[in-house]
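A.B. asks: 3D, please:
(one chain, ligands or ions: 2)
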Amino acid sequence: MQVRSKKFFIETFGCQMNVVDSERAAEQLYQSGYEQCQDISAADVILFNTCSVREKASEKMYSRIHAIRRLKKEGAFVGIMGCVAQIEGKKLIERFPDVRLVVGTQAVGNLKRALGKLDGGEEFVVDVVSPNLARFDGVDVRRRLDKYVAFVTVMEGCDKFCTFCVVPFTRGRERSRSPESILSEMVRLSQQGVKEVHLIGQNVNSYGLGRRIEGKNRLSFAGLLSFLAARSDIPRIKFTTSHPRDFSSEIVEAIETWPQLCPWVHLPLQSGSDRVLAAMNRGYTCKGYLQKVAMIRQSSRRISLTSDIIVGFPGETEQDFIRTLDMIREIKFDSLYVFKYSPRPHTVAAKWPDTVSDSEKTARLQELVKVQQEVQSEVWREYLGKTLKVLVEGKSVKSENHWTGHSMCHKVVNFESSSDNLEGVEVTVKVDKVNPHSLFGTHIH
Ligand code: 5AD
Ligand code: SF4
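C.D. replies: Ligands and ions are numbered 1, 2, ... in the order given. As a prediction, the model looks like this:
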């Protein structure tokens, strides 16, 4: 008689770090005899890998737990992983009767053990204990969510303590992975057909600076980029997120030296007011930021520049906001993500009065998005008639002959082609049209 294997369902919220953790969780669930399913009502274990970077993200997850109560099958239980799990711990068990498992970001590697305890009859398991060891073990390609694009962790945690940010509390102190271990994962990925690797970390420019846990690592982040580009045969390497304070000219030089290092830098500005930047503890001024922008713009390659802004930080005045608008007009980012400030647990700013009303935050967000849209359509127009190398991710939902992918400068590019299967292929596309959030073109070869 064949024993029916148990099934798990996993849903991931938040950043790429969580995507990697979900893959690591899936690996352990397979090892524990589970199979993945896409249907919540068929699952024995329903896992939510959660994000708490902004209030909206946590709320979304809480309402999701309520919503699935009707869907889940008898006897199934819910597990919470990720940043909310790390911060809230046991409180989640008390708040949600269906939750029997809470595994924080620092304990993803313990998931298998936790499942064993539940199987052994324990009513619930909470594991948020930091073993103080980054567990950067590679993930089997079968658990990867994307066949051609993979996220590879190079460092984890953050020591910057920006006053609005929960990350130092959810992800702990900075630690870097050894260059050899990153390289061996990339070599393996390449053998498995991966074409693009995103080197990820909360603050990749601090690579090698924090407490190093793997070997004797003497490379800076720029040194790591060159080390990997010289030794791996992955054709496209992207990296994120950069911090303006540690972003160095050597990184630009590495991008100039190695064609496979993609010309894209995500450099969160957060505010265009020095007063607000100081209150945020960002460690740079607008002038300092503009110097980094000049360094990037002077490069022989056209490096795409994207950023994040928070509107309505405690104490942000109309004047401060106008300065942010001016910076956005001056810098001309390729793309911008704008967020309304929300107080987060344990952060310094959460103790300050949230002075900007929600309606004012919304108004500032809308104005900033509008200004960026004007800037962006001007910036993107320069791509008209140019050719871009696009890694094809799949068919576009819109039409049979339309395909979609990302350029090396990390723009969404849709194009028309009658080819049968282009998935995972790097193609050349000539840009014919600029849409607000994507480029459209023709397949050249
Ligand atoms: N409120 C609003 N936005 C935030 N971010 C981080 N913390 C907060 C917060 N408390 C934004 C920052 C960061 C991005 C990932 O999320 O802009 O760069
Ligand atoms: Fe958060 Fe600041 Fe660290 Fe970025 S640098 S993860 S915003 S504390």
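A.B. asks: can you list the residues of the stretch 151-300 of the chain near ligand 2?
C.D. replies: Cys158, Lys160, Phe161, Cys162, Cys165, Val167, Pro168, Gln202, Asn203, His243 (CB under 6 Å from any ligand atom). Glycine gets a C-beta too; all of them are placed from N, C-alpha and C.
A.B. asks: again, only using 8 Å
C.D. replies: Applying the criterion CB under 8 Å from any ligand atom, the portion of the stretch 151-300 of the chain that neighbours ligand 2 consists of 158-162, 164-168, 171, 202-203, 241, 243, 268, 270, 281-282.
A.B. asks: any weak-confidence spans in the stretch 151-300 of the chain?
C.D. replies: Residue ranges of the stretch 151-300 of the chain with pLDDT under 70: 210-217.
A.B. asks: Now do the helices in the stretch 51-200 of the chain.
C.D. replies: Along the stretch 51-200 of the chain, the stretches classed as helices by DSSP state H, counting those that start in this stretch are 55-67, 82-88, 91-95, 111-119, 167-170, 179-191.
A.B. asks: So what's the gap between the fourth one and the chain middle?
C.D. replies: Centre-to-centre, helix 111-119 and its host chain are 28 Å apart (CA atoms, centre = their mean, to the nearest Å).
A.B. asks: pLDDT of that helix, averaged?
C.D. replies: In this model, helix 111-119 carries a mean pLDDT of 92.
A.B. asks: Mark which of the residues of the stretch 151-300 of the chain next to ligand 2 are buried, thanks.
C.D. replies: Judged by neighbour count, with 16 or more other CB atoms under 10 Å as the criterion, the buried members of these are 158, 160, 162, 164-168, 171, 202-203, 241, 243, 268, 270, 282.
A.B. asks: out of those residues, which one sits closest to His402?
C.D. replies: His402 has its nearest neighbour among these in Thr241, at 30.6 Å by CB to CB.
A.B. asks: circling back: looking at the buried ones among the residues of the stretch 151-300 of the chain next to ligand 2, which is nearest Leu47?
C.D. replies: Arg171 (18.7 Å).
A.B. asks: For the closest one, give me its contacts.
C.D. replies: Met17, Cys83, Gln86, Thr105, Gln106, Glu156, Gly157, Cys158, Gln202 (CB atoms under 8 Å, 6 or more residues apart in numbering).
A.B. asks: burial of the closest residue to Ser232 other than its chain neighbours, as a residue count?
C.D. replies: Setting aside the residues directly before and after it, Ser232 is nearest to Met186 in space (CB to CB, 6 or more residues apart in numbering), at 4.2 Å. Met186 sits with 22 neighbouring residues when counted by other CB atoms under 10 Å.
A.B. asks: okay but Met186 is in contact with Val152, surely?
C.D. replies: Yes - taking contact to mean CB atoms under 8 Å, the distance of 6.4 Å between Met186 and Val152 places them in contact.
A.B. asks: so what's in contact with those two at the same time?
C.D. replies: Val197.
A.B. asks: returning to what we had before: most packed of the helices of the stretch 51-200 of the chain?
C.D. replies: Highest mean neighbour count of these: helix 82-88, a mean of 26 (counted as mean count of other CB atoms under 10 Å).
A.B. asks: Show the average pLDDT along that one.
C.D. replies: 93.
A.B. asks: contacting residues around Cys15?
C.D. replies: Neighbouring residues of Cys15 by CB under 8 Å, 6+ apart: Cys51, Val53.
A.B. asks: Relative to ligand 2, how far out is it?
C.D. replies: 10 Å (CB to the nearest ligand atom, to the nearest Å).
A.B. asks: start the count at 162, not 1, going forward
C.D. replies: In the new numbering, first residue 162, that becomes Cys176.
A.B. asks: now the strands: where do they sit in the stretch 462-606 of the chain?
C.D. replies: Along the stretch 462-606 of the chain, counting by DSSP state E, counting those that start in this stretch, strands occupy 465-472, 496-501, 548-556, 563-568, 573-577, 587-595, 600-604.
A.B. asks: Enumerate the positions of the first one that are buried.
C.D. replies: Put plainly, it is strand 465-472. Ser465, Leu466, Thr467, Ser468, Ile470, Ile471, Val472.
A.B. asks: Just give the nearest non-adjacent residue to the first one, would you?
C.D. replies: This means Ser465. For Ser465, ignoring the flanking residues on the chain, the nearest one in space by CB to CB, 6+ apart is Cys570 at 3.7 Å.
A.B. asks: gap between Trp419 and ligand 1?
C.D. replies: As it turns out, when the distance is counted by CB to the nearest ligand atom, Trp419 lies 26 Å from ligand 1.
A.B. asks: Neighbours of that residue, how many?
C.D. replies: 15.
A.B. asks: you'd agree it is up against Ala383?
C.D. replies: No - counting by CB under 8 Å, Trp419 sits too far from Ala383 to count as a contact (10.9 Å).
A.B. asks: any idea which of the contacts of Arg332 is closest to ligand 1?
C.D. replies: The nearest member of these to ligand 1, counting by CB to the nearest ligand atom, is Gln363 at 9.0 Å.
A.B. asks: Which residue, other than its chain neighbours, is closest to the closest one?
C.D. replies: In this structure, Gln363 finds its nearest non-sequential neighbour in Cys319, 4.3 Å apart by CB to CB, 6+ apart.
A.B. asks: That neighbour against Arg336, yeah?
C.D. replies: No - proximity of Cys319 to Arg336 does not meet the contact threshold set by CB under 8 Å, at 10.5 Å.
A.B. asks: dump the residue contacts of the residue in the stretch 362-511 of the chain positioned nearest to ligand 2.
C.D. replies: Distance from ligand 2 to each residue of the stretch 362-511 of the chain (CB to the nearest ligand atom) is smallest for Gln363, at 4.1 Å. Residues in contact with Gln363, defined by CB under 8 Å, 6+ apart, are Met178, Met316, Glu317, Gly318, Cys319, Val328, Arg332, Glu335, Thr402.
A.B. asks: Same check on Gly546?
C.D. replies: For Gly546, the contacting residues are Lys591, Val592, taking CB under 8 Å, 6+ apart as the criterion.
A.B. asks: What of Ala391?
C.D. replies: Trp419.
A.B. asks: Look at it and give its secondary structure.
C.D. replies: Secondary structure state of Ala391, per DSSP: H, G, I helix; E, B strand; the rest coil, is helix.
A.B. asks: where's it relative to ligand 1, distance?
C.D. replies: Between Ala391 and ligand 1 the computed distance is 31 Å (CB to the nearest ligand atom).
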